[in-house]
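[1] Sequence and predicted structure, then a few things I'm wondering about:
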Amino acid sequence: MNENLRIFFFGDSFVQGIGDPEFRGWVGRVLAETGRGITAFNLGIRRNTSDDVLRRCWTEIEPRLAPDADHRLVVSFGSNDAVEENGVVRVDPDRCLDNLATILDGARQRAIAPLIVGPPPVVDAGEPHLRRTTALAERMAALCDTHDVPFIATTTTLAEDPIWRAEVLAGDGAHPAGGGYRRLAEIVLADRWHDWIAQPRR
């Protein structure tokens, strides 16, 4: 692993770690298991959609770039895109996929290696939201495959996870506490994370 590794985490409240009394979320737990020598930036914002992430992504990254650093980008969105408001989803699935493709193209142009973490489920939003989020995650995975970018699926596993569900339902209906974020971190760490971190600098 490059000793000068900078990782930018972009996304929504799940990236930010809302609901965790330890203020670590899944990002902090993944970093704790990754090793030293990492400069990490948690740039998650509550209620952000893929539109929001695309709009702010490069303007927030560019001031944080460092000469000779190995820059990485972790993106996780989609749960808010799939929320229905006044009978319409916040972001159409096709536009969400276009946003993701634009981010991946921008990362390639800047020689920044990306990794995508699929959208977690929002338990309180019910089955229709879960179906939309699951379908969106499957399309995101297919898009990442065509771009040769690692995609880590979370939606179905967390929707069926008793710790995630119990903590979400005991909280605000969307966000878990420490145990749920630990489960999400375990999914990320078990699926391609270490290989991605170890890959040579672009």
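    All right, it came through fine.
[2] Distance-wise, check the residue most central in space within the chain relative to Val27.
    Among the residues of the chain, Ser76 comes closest to the average C-alpha position under CA atoms, centre = their mean, at 2.0 Å. Separation of Ser76 from Val27 (CB to CB, to the nearest Å) stands at 9 Å. Bear in mind the C-beta positions are built from the backbone N, C-alpha and C, glycine included.
[3] Which neighbours do the two have in common?
    Shared contacts of Ser76 and Val27 (CB atoms under 8 Å, 6 or more residues apart in numbering): Phe9, Val15, Gly44.
[4] ok, the first one - contacts?
    Which is Phe9. Taking CB under 8 Å, 6+ apart as the test, what Phe9 contacts is Val15, Val27, Ala40, Phe41, Asn42, Leu43, Gly44, Val74, Ser76.
[5] Please list only the buried members of these.
    Neighbour-count burial (16 or more other CB atoms under 10 Å) applied to the contacts of Phe9 gives Val15, Val27, Ala40, Asn42, Leu43, Gly44, Val74, Ser76.
[6] right, and Gly106 touches Cys57 too?
    Yes. In this structure, Gly106 is within contact of Cys57 by CB atoms under 8 Å, at 7.1 Å.
[7] doesn't Ala111 make contact with Arg202?
    Yes. With contacts counted by CB under 8 Å, Arg202 reaches Ala111, the gap being 4.4 Å.
[8] now this protein, which segments are flagged as low pLDDT?
    When residues are selected by pLDDT under 70, those of the chain lie in 1-2.
[9] In it, what residue spans correspond to helices?
    13-16, 25-32, 50-61, 93-109, 126-146, 155-159, 162-170, 178-188, 194-198 (DSSP state H).
[10] who's in contact with Arg132?
    Counting by CB under 8 Å, 6+ apart, Arg132 touches Ala82, Glu84, Val89, Pro93.
[11] rerun at 10 Å
    The neighbourhood of Arg132, defined by CB atoms under 10 Å, 6 or more residues apart in numbering, consists of Gly78, Ser79, Asp81, Ala82, Val83, Glu84, Val89, Pro93, Pro119, Ala125.
[12] if we can go back for a sec, looking at the helices of the chain, which is buried most?
    helix 13-16 (a mean of 24; mean count of other CB atoms under 10 Å).
[13] which residue sits closest to Gly106, ignoring its sequence neighbours?
    Spatial nearest neighbour of Gly106, chain neighbours left out: Trp58 (6.1 Å); criterion: CB to CB, 6 or more residues apart in numbering.
[14] now Ile116
    Nearest non-adjacent residue to Ile116, counting by CB to CB, 6+ apart: Phe151, 4.8 Å away.
[15] now swap in Arg46 and tell me
    Distance criterion CB to CB, 6+ apart; nearest residue to Arg46, sequence neighbours excluded, is Ser13 at 4.0 Å.
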